[in-house]
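1. any chance you could fold what I've pasted below:
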Amino acid sequence: MEFVLKEPFEKVLANYDPLIKTMIRRYSHSLEFDESYQIGRIALWEAYKRFDPDKGAFPAYAQRYLSGRFLQIMNKKYVIMVHAEEHTLEENNSFVVPYLDDLIVNDYLQNLSERERLYVNEIILKQGSMKELARIERVSYETVRSWRKNALVKLRIKGTAMKKDK
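-> Next up, the predicted model:
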């Protein structure tokens, strides 16, 4: 059963426009503003239609509903991005890292675990196969993928920190 607020939706939309924009700033870094704004408006409409006044106040409900929707969208975008990145790394592992200075490489690798360094050395620098590395190390392919995931996170953090130092 749907409960409708006494105010027309247009007035609710005008009152909650700042909340939508706050949620966009907080959660939608990878989306265009117009797309994010439309997602927020639709989420507010859904919250408006589904709100049950017996369960609490609308402002809190609207905020939680919008926050949940933006997190849901972010999660879907992240899963798609990671999936695409995995295919790119696995299928097109043909990039060459020419003339890397040992000091730069060592600086990047200093925070990696032994297994993560092994991944970087065998897969990225030597352009090996993740399946082959898993076979040689007698671990599952998923284990090698976890080494990759952890190594890439740490390398990105290090790269960001080095950019800020410049």
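
2. the helix or strand where residue 47 lies: how far from the chain's middle?
-> For residue 47, the element it lies in under DSSP states H and E is helix 33-50. Averaged C-alpha coordinates place helix 33-50 at 21 Å from its chain's average position (Cα atoms, centre = their mean, to the nearest Å).

3. do stretch 43-61 as well
-> Worked out by Cα atoms, centre = their mean, stretch 43-61 lies 28 Å from the chain centre.

4. with only the CA atoms kept, save that stretch in PDB.
-> C-alpha atoms of stretch 43-61 as PDB (Å, rounded to 0.1, in the frame of the first residue of the first chain):
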ATOM      1  CA  ALA A  43      15.100   8.200  -6.400                       C
ATOM      2  CA  LEU A  44      13.300  11.100  -4.700                       C
ATOM      3  CA  TRP A  45      10.200  10.200  -6.600                       C
ATOM      4  CA  GLU A  46      10.500   6.600  -5.600                       C
ATOM      5  CA  ALA A  47      11.000   7.700  -1.900                       C
ATOM      6  CA  TYR A  48       8.000  10.000  -2.200                       C
ATOM      7  CA  LYS A  49       5.800   7.200  -3.500                       C
ATOM      8  CA  ARG A  50       7.000   4.500  -1.000                       C
ATOM      9  CA  PHE A  51       7.100   6.600   2.100                       C
ATOM     10  CA  ASP A  52       5.200   5.300   5.100                       C
ATOM     11  CA  PRO A  53       4.600   8.100   7.700                       C
ATOM     12  CA  ASP A  54       4.000   5.500  10.400                       C
ATOM     13  CA  LYS A  55       7.700   4.500  10.100                       C
ATOM     14  CA  GLY A  56       9.300   7.900  10.600                       C
ATOM     15  CA  ALA A  57       9.900  11.300   9.100                       C
ATOM     16  CA  PHE A  58      10.200  11.900   5.400                       C
ATOM     17  CA  PRO A  59      13.500  13.900   5.500                       C
ATOM     18  CA  ALA A  60      15.400  11.100   7.100                       C
ATOM     19  CA  TYR A  61      13.800   8.500   4.800                       C
END
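
5. in that stretch, what counts as buried?
-> 43, 44, 47, 48, 51, 58, 61 (16 or more other Cβ atoms under 10 Å). Just so you know, the C-beta spots here come from the backbone N, C-alpha and C atoms, and that holds for glycine as well.

6. quick check: next helix or strand after the helix or strand bottoming out on mean pLDDT in the chain?
-> One helix or strand of the chain scores below all others by mean pLDDT, DSSP states H and E: helix 102-109, with a mean of 62. Heading C-terminal from helix 102-109, the first helix or strand you meet, by DSSP H and E, is helix 114-119.

7. much appreciated, bye for now.
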